[in-house]
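Colleague: mind folding the following:
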Amino acid sequence: MHRGVAAVIGAALLLLLAGCNGNGQHAADQVIVTGSTTVQPIAEVAKEGFERTHAGVHVLVSGVGSSAGIENVVAGTSDIGTSSRDLKGDELEYGLVDTPIAYDAIAVIVNPSNPVDGLTKEQVKAIFEGRITNWKEVGGPDLEIGVVNRDEASGTREAFSKIVLDKERFDPTAVILPGTGQVRSVVAQAPSAIGYISLGFVTPEVKALAIDGVEPSEEAVVEGRYPVSRVLHFFTKGEPKGLVKEFIDHVLSPEVQEKVVRDAGFIPVTVKGIER
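Modeller: Below is the predicted model of the structure:
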């Protein structure tokens, strides 16, 4: 396991232990939310408003990756497991209830100095598999491509792998980083680098590429034109009840959807009319 990932998970476990009593049960006035670092900013801002209207209630939010969040809710150490990918494999057998909370697009990013403004989906696939290794092969400078990837616990990586690579193997020589911020920072500093992050985390320090001629934008995602998009999820073990349901309802409220979700760069789930 990557050291950075281990450190994050270790910190999250301390948080979880702090939120449980001696029998490992959650305190009645707490909601524990763990999982996707992509979903984390939405949950953290939403919890502030929720705690203001629920005196004495504490919502504990931790970003440990989608896989770990799903594992935690299955194990009962979290009330809500947040995820930026769909359930897969054995996860489908645990009776988890899925509440979609937002839409996201995954942007392929390069350094702003890179003259390449767009790629085909097939070119992106070939680059991240290691079959295209120089920018001159896709209309750029004679410069070796530096592929930046996420760790295996990342829901963004899982979604990117499924949507773009068709589950083919990533370039084994790629740099592996544990978080969205690290990927963006490296690409911002390295003229040869290419990576991928959620649309909501694109800033002027990096350049998001058009894919198949389509810019990654809310309009393109809502209209189904941008090819690399996904749903952000809250998973619960069974139908949510009590404070857990109240918190989820708060996240789905117009106040959070139209303000918090949009401010984070994501698309409100109500835009496409997803039903709970």
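
Colleague: use CA for all of it now, contacts and neighbours both
Modeller: Will do.

Colleague: residue ranges of the strands in the chain, please?
Modeller: Using DSSP state E, the strands found in the chain span residues 30-35, 58-63, 80-83, 96-110, 118-119, 146-150, 175-177, 193-198, 207-208, 210-211, 229-237, 267-268.

Colleague: and of those, who's closest to K162?
Modeller: strand 229-237 (10.5 Å; CA to CA).

Colleague: what strands line up against the closest one, and which way round?
Modeller: Partner strands for strand 229-237, per DSSP bridges, with pairing direction: strand 80-83 (antiparallel), strand 96-110 (antiparallel).

Colleague: what lies in contact with that strand?
Modeller: 39, 70, 73-74, 76, 79-86, 94-106, 159, 221 (CA atoms under 8 Å, 6 or more residues apart in numbering).

Colleague: and the closest residue to G179 other than its chain neighbours, how many neighbours?
Modeller: Among residues not flanking G179 along the chain, R150 sits closest, at 6.9 Å (CA to CA, 6 or more residues apart in numbering). Other residues lying near R150 total 23 when counted by other CA atoms under 10 Å.

Colleague: ok, R150 - contacts?
Modeller: So R150 contacts T156, R157, I176, L177, P178, G179, V183 (CA under 8 Å, 6+ apart).

Colleague: same thing but 6 Å
Modeller: R157, I176, L177, P178 (CA atoms under 6 Å, 6 or more residues apart in numbering).

Colleague: gap between it and E218?
Modeller: According to CA to CA, to the nearest Å, R150 and E218 sit 23 Å apart.

Colleague: ok, now I132?
Modeller: 29 Å.

Colleague: settle it for me: which of the two has more neighbours?
Modeller: Neighbour count, other CA under 10 Å: between I132 and E218, E218 has more, with 20 against 17.

Colleague: okay, that one: pLDDT?
Modeller: Per-residue pLDDT puts E218 at 82.

Colleague: what's the answer for I70, then?
Modeller: The model's pLDDT for I70 equals 98.

Colleague: for E205, give me its contacts.
Modeller: Here E205 is in contact with A188 (CA under 6 Å, 6+ apart).

Colleague: change it to 7 Å
Modeller: E205 sits next to P112, A188 when contact means CA atoms under 7 Å, 6 or more residues apart in numbering.

Colleague: where do the helices sit along the stretch 1-150 of the chain?
Modeller: 3-18, 40-53, 66-75, 121-129 (DSSP state H, counting those that start in this stretch).

Colleague: where among these is average confidence lowest?
Modeller: helix 3-18 has the lowest average pLDDT among those, namely a mean of 44.
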